[in-house]
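Enquirer: Fold the following for me, if possible:
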Amino acid sequence: MEHCCRDTSERKTVRSEEDKKSIRSRLNRIMGQMNGIKRMVDEDRYCDDILIQLAAVDASVKSLSALILKNHLHGCVAEHVREGDTDVLDEIVDLFKRFS
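Expert: From the prediction side, this is the model:
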């Protein structure tokens, strides 16, 4: 479970090594997909094929975003609300605006 630190000078999320490994693995997969797309462009591959791969990258990024958001809500946000810090809810509203 994540643990958030937030004061006036620094905001950070402390993640377990298992969570970091999972996130890094997903990021590596996304970067591999992007490198594959770059090769496809260099090889003059058909637009349809490239667009299909771009859709796969988009789905991978959205899936990773959803995982990080879920962990943030269950960890950081819940922790701040329990401590009486409801300002964190404004941050969540802003995040949802970015995702829409």
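Enquirer: buried residues in the helix or strand Val88 falls within?
Expert: Element membership of Val88, judged by DSSP states H and E, is helix 87-99. Neighbour-count burial for helix 87-99 flags Val88 (criterion: 16 or more other Cβ atoms under 10 Å). C-beta here means a position set from N, CA and C on the backbone, and glycine is covered the same way.
Enquirer: Likewise for stretch 34-49?
Expert: Ile37, Met40.
Enquirer: now stretch 47-60
Expert: Within stretch 47-60, the residues that qualify as buried are Gln53, Val57, Ser60, counting by 16+ other Cβ under 10 Å.
Enquirer: Inside helices: which ones of those residues?
Expert: Gln53, Val57, Ser60 (DSSP state H).
Enquirer: Spatially nearest residue to the first one (excluding sequence neighbours)?
Expert: Sequence neighbours aside, Ile37 is the residue nearest to Gln53 in space, at 5.1 Å (criterion: Cβ to Cβ, 6 or more residues apart in numbering).
Enquirer: Identify the residues contacting that neighbour.
Expert: Ile50, Gln53, Leu54, Val57 (Cβ atoms under 8 Å, 6 or more residues apart in numbering).
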